[in-house]
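[1] Sharing a model prediction with you, sequence too.
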Amino acid sequence: MDDITFHYDTVLSDVHMLVPNTRHLMTRLNHVGQPVFMSRFKILAERHDNCDTEKGSEKEEEDKTQRETRAKETETTRGSDGEEGGEGNVEALLDEDGDLELTRRPRRNLPEGTDRDPVRPVILKQCGPEVEPEEENADDEAGRCFKDIIRIEHTMATPLEDVGKQVWRGAFLLADFIFSEPDMFRGATVLDLGAGTGLTSIVMATVAKTVYCTDVGEDLLSMCKKNVTLNTHLMEPSGGEVKVRRLDWLEHELCTDADVEFSWTKEEVDDLYDSTSFIIAADVCYDDDLTDALFRTLYQLCSGFSHTCTIFIALEKRMNFTLRHMDVSCEAYNHYVHCLSQLQDLVDGRCSFKVEQLPSDFDQFLQYERIEQLELWKLTSTPLPFEKARSDSPAKP
């Protein structure tokens, strides 16, 4: 149980390989014998809801006043030539915690004429400060009181078909976007496709009214439901609700059999088609067949909407060396872009799609490396007038 065997088709979680100092607690073995870990992801930046704006402003003013007071005290203790009290001792600059502030020496540039280029990883933003280890009793019920900690059960090494049980950077990018645009999603009904561990659904429920968190596989959906339960304290202030449901992209209808776990009620199906204003998906385009199924599902869903729907897709371009091209390429990403183009050029359906890539310069709230290969795409579905719609377009199930 303590030894993990890695096979040729084992996929490792790059998120956890890049954060090696974070403590991950193994909690159990899932139904197929895979070790399940518990990780805590700290919300690095303070988020202000409408009710907290005034408190946040007061705190900023207080901090500013304290800094100005310390600066004035320092100036009054120095002479005109920079000496303190005429005794030749310079006042040490301390921060608000009493630690010594030092001016760091700037790094020297490489000598001119050198033929060696500096090697730097292409990272757009650092992950921020390390999360301090929590006390050993943080895993009990008292751990729920941490309003800035997201607790997620997940695996760290699985076959390709089970990668949904891991945490990926695309989910963090999408979560950052949700945190940075809370007013956009406030009170909305949202569908999360291929939700995996449920991280983005949980973050979305901090502002949205209802989030349908969907994927396939009872083991994965059970893990996702457990994660939702672990983080109810984050969703309670906004009254958001996450409903974990089964949605298979290879099937044309939603399962409404009450005897099947994670099935839909008829009321939920009606609500999905009548109220969904946003669809989100993160790191789900790594296999061409699944990508095709994703876009078929998007078209089928949006064709049943009588209103405009906005879709956000976050993904990471994963470059690989292929024997076919004898070069580094990203075939999964190329196929994804091809599907985007086909969807945008579609003219005989019940809805039209507008596609655009969004900049990734919004604030970072979670601990991960935001690399330039991470992308966020926005698709806008607009229903067409009845006379322009295709007569054999899929109807609302």
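    Looks like it arrived, so ask away. Numbers count the residues shown, from 1 in each chain.
[2] For Glu375, give me its contacts.
    Ala314, Leu315, Glu316, Lys317, Gln357, Ser360 (C-beta atoms under 8 Å, 6 or more residues apart in numbering). From N, CA and C alone the C-beta is placed, and that goes for glycine too.
[3] before we move on, what about Gly170?
    Per C-beta under 8 Å, 6+ apart, neighbours of Gly170: Ala282, Asp283, Ala314, Leu315, Glu316, Leu374.
[4] hang on, the earlier thing: which of the contacts of Glu375 fall in strands?
    In strands, defined here by DSSP state E, the members of the contacts of Glu375 are Ala314, Leu315, Glu316, Gln357.
[5] quick one on the thing from earlier: can you redo the contacts of Gly170 as a markdown table, where the extra columns are pLDDT?
    Listed next are the contacts of Gly170 as a markdown table, based on pLDDT from 0 to 100:
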| residue | pLDDT |
| --- | --- |
| Ala282 | 97 |
| Asp283 | 94 |
| Ala314 | 98 |
| Leu315 | 96 |
| Glu316 | 93 |
| Leu374 | 96 |
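[6] Please identify which helix or strand holds Cys224.
    If you go by DSSP states H and E, Cys224 is part of helix 218-230.
[7] buried stuff in that helix?
    Of the residues in helix 218-230, Leu220, Leu221, Ser222, Met223, Cys224, Lys225, Lys226, Asn227, Val228, Leu230 count as buried by neighbour count, 16 or more other C-beta atoms under 10 Å.
[8] Where does pLDDT dip in the stretch 201-350 of the chain?
    For the stretch 201-350 of the chain, residues meeting the criterion pLDDT under 70 lie at 321-327.
[9] okay, now Lys147: neighbour count?
    Using other C-beta atoms under 10 Å, Lys147 has 11 neighbouring residues.
[10] so it, which of the three states?
    Classification of Lys147 by DSSP: H, G, I helix; E, B strand; the rest coil places it in coil.
[11] Kindly report the same for Trp264.
    Under three-state DSSP, Trp264 comes out as coil.
[12] ok, now Arg245?
    Arg245 ends up strand, using three-state DSSP.
[13] Tell me what it is bridged to.
    Thr214 (DSSP bridges).
[14] pretty sure it contacts Thr265?
    No: look at Arg245 against Thr265 with C-beta atoms under 8 Å: they stay out of range, at 9.5 Å.
[15] ok, back up a step: now the two most distant members of the contacts of Glu375.
    Glu316 and Gln357 (13.8 Å; C-beta to C-beta).
[16] Between these two, point out the one with more neighbours.
    Ranked by neighbour count (other C-beta under 10 Å), Glu316 and Gln357 place Glu316 first, with 20 against 12.
[17] so that one makes contact with Ala171?
    No: with contacts counted by C-beta under 8 Å, Glu316 stays clear of Ala171, the gap being 10.1 Å.
[18] shared neighbours of these two, anything?
    Joint contacts of Glu316 and Ala171 (C-beta under 8 Å, 6+ apart) are Asp283.
[19] More neighbours: which of Arg245 and Thr265?
    Arg245 (23 against 12).
[20] residue contacts, the more buried one?
    If a contact means C-beta under 8 Å, 6+ apart, then Arg245 has Tyr212, Cys213, Thr214, Leu254, Phe262, Ser263, Trp264, Glu268 as its contacts.
[21] Which member of those is positioned nearest Phe295?
    Thr214 (15.8 Å).
[22] That closest one: neighbour count?
    Neighbour tally, Thr214, other C-beta under 10 Å: 26.
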